[in-house]
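Engineer: What follows is a protein structure lacking sequence information:
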């Protein structure tokens, strides 16, 4: 089942159950939203979750592209991506949590063919303010699905304030052995689908107040679902990434983690540029700049002659087409090359400045502030360049511009 078929099956299943498809928005959040990018499918729907009537009714379904920078250091493992898509459904004061879970279970088992014995659920077990989610617990027990009660793991919120509520998560076993243990104790249980009973709003002092209506908000990662249904180990092995994983290795000899990071960051940069965000040193524009510099740092670690000009236009166009973005691919390519030139000049200037005797000793916060404000050198870049000038190994993972990996064998 390829990704297009997976999306079609999902949309049609819920349309048959009275849901209206809404158009997924761009990566840019609605006006007035404090976040830089859309990080979940519910972001554009916040006013309706808080009681405003939606023009298409109370049952909705969509596919929404999202961007998260909080997991950048995990990009390159089997599950994390910077830009990804969420399949989502919503009940705006309509059906209850148990109905949502019944439909979710039936779609996974009957629609996608997942064996029931490979499923496990987690349910909110209560805390100091609220009791356990007994309705979801009983639903899973009736279906014969093992259940684990948790506390913080099954409470969903989109920040310190705003809509929130208990959730029930559905996991799928990916191990080579028969299923064992529970999702919180064995990471071979991979989360597939989260169903949130969004019935509260949290104030700044932590107090919970009931929303005007009780909502259901579900989210299912498309790339992760495709990976599981296609029997692959990593999201980079599913059909969505095949053009990248087929085209990039002949261009650049990279070990597997570096290959994944480069493909993710380049694909994500194209998606952000496709939504009209121009690179800059602050705010939203710093995200494509940061992504581009991270992937260039990886590319140049062992071969400084590599250039983004090597990437065929067809690969960039594949991403723009997938996200239904109308920007000209040549424009995107020129922006990427301009970012490469800017970064090259910044590195050259940074090396000259940091080679001065003034910066040979331990740097103070005042030094870092001066280097940033006067010369445009971010603290993370200064750290990386000082390590390079000292002749030490590359900085450890987690720095902004370096994520070192072993050298690949290209023989």
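Structural biologist: Cool, the structure landed. Please read all numbers here as calculations on a predicted model, not as lab measurements. Numbering: from 1, shown residues only.

Engineer: all strands for the stretch 1-150 of the chain, in order.
Structural biologist: Assigned by DSSP state E, counting those that start in this stretch, the stretch 1-150 of the chain shows strands spanning 20-21, 59-67, 83-92, 119-124, 147-150.

Engineer: State the mean pLDDT of the second one.
Structural biologist: So that's strand 59-67. Averaging pLDDT along strand 59-67 yields 95.

Engineer: quick one on the thing from earlier: a markdown table for the strands of the stretch 1-150 of the chain, including distance to residue 130 and mean neighbour count?
Structural biologist: Where C-beta positions appear, they are placed from N, C-alpha and C, glycine not excepted. What follows is those, written out as a markdown table (distance: least, CB to CB, whole Å; neighbours: other CB atoms under 10 Å):
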| stretch | distance to residue 130 | mean neighbour count |
| --- | --- | --- |
| strand 20-21 | 31 | 14 |
| strand 59-67 | 26 | 21 |
| strand 83-92 | 20 | 24 |
| strand 119-124 | 8 | 25 |
| strand 147-150 | 13 | 17 |
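
Engineer: Relative to residue 254, which of the ones you listed is closest?
Structural biologist: The minimum distance between residue 254 and those falls on strand 83-92, with 19.9 Å, by CB to CB.

Engineer: coming back round to it: any chance of the strands of the stretch 1-150 of the chain in a markdown table with distance to residue 368 as columns?
Structural biologist: Shown next, in a markdown table, are these (distance: least, CB to CB, whole Å):
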| stretch | distance to residue 368 |
| --- | --- |
| strand 20-21 | 49 |
| strand 59-67 | 28 |
| strand 83-92 | 30 |
| strand 119-124 | 43 |
| strand 147-150 | 41 |
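
Engineer: So for residue 211, which of these sits nearest?
Structural biologist: So among the strands of the stretch 1-150 of the chain, strand 83-92 is nearest, using CB to CB, at 10.3 Å.

Engineer: so what strands line up beside that closest one?
Structural biologist: strand 59-67 (antiparallel), strand 208-221 (antiparallel) (DSSP bridges).

Engineer: what's the angle from the helix or strand just after the longest one to strand 59-67?
Structural biologist: Right, the one you point to is strand 208-221. Scanning forward in sequence from strand 208-221 by DSSP states H and E, the next helix or strand is helix 222-229. Orientation check (axes from the mean of the first three to the mean of the last three CA atoms, to 10 degrees): helix 222-229 against strand 59-67 gives 100 degrees.

Engineer: what does helix 222-229 rub up against?
Structural biologist: With CB atoms under 8 Å, 6 or more residues apart in numbering as the test, helix 222-229 has contacts from 1-3, 6-7, 63, 79, 81, 84-87, 112-114, 172, 174, 190-192, 233-235, 237-241.

Engineer: Kindly recompute the last result at 6 Å.
Structural biologist: If you take CB atoms under 6 Å, 6 or more residues apart in numbering as the criterion, helix 222-229 is touched by 1, 3, 6, 84-85, 87, 112, 172, 235, 238, 240.

Engineer: Repeat that for stretch 136-143.
Structural biologist: Defining contact as CB under 6 Å, 6+ apart, one finds that stretch 136-143 is touched by 97-98, 101, 105, 121, 123, 147, 168.

Engineer: in the stretch 51-200 of the chain, which spans are helices?
Structural biologist: Ranges of helices in the stretch 51-200 of the chain, per DSSP state H, counting those that start in this stretch, are 97-106, 134-143.

Engineer: Could you dump those helices into TSV with distance to residue 247, mean pLDDT and mean neighbour count added?
Structural biologist: What follows is those, written out as TSV (distance: least, CB to CB, whole Å; pLDDT from 0 to 100; neighbours: other CB atoms under 10 Å):
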stretch	distance to residue 247	mean pLDDT	mean neighbour count
helix 97-106	36	97	19
helix 134-143	43	96	16
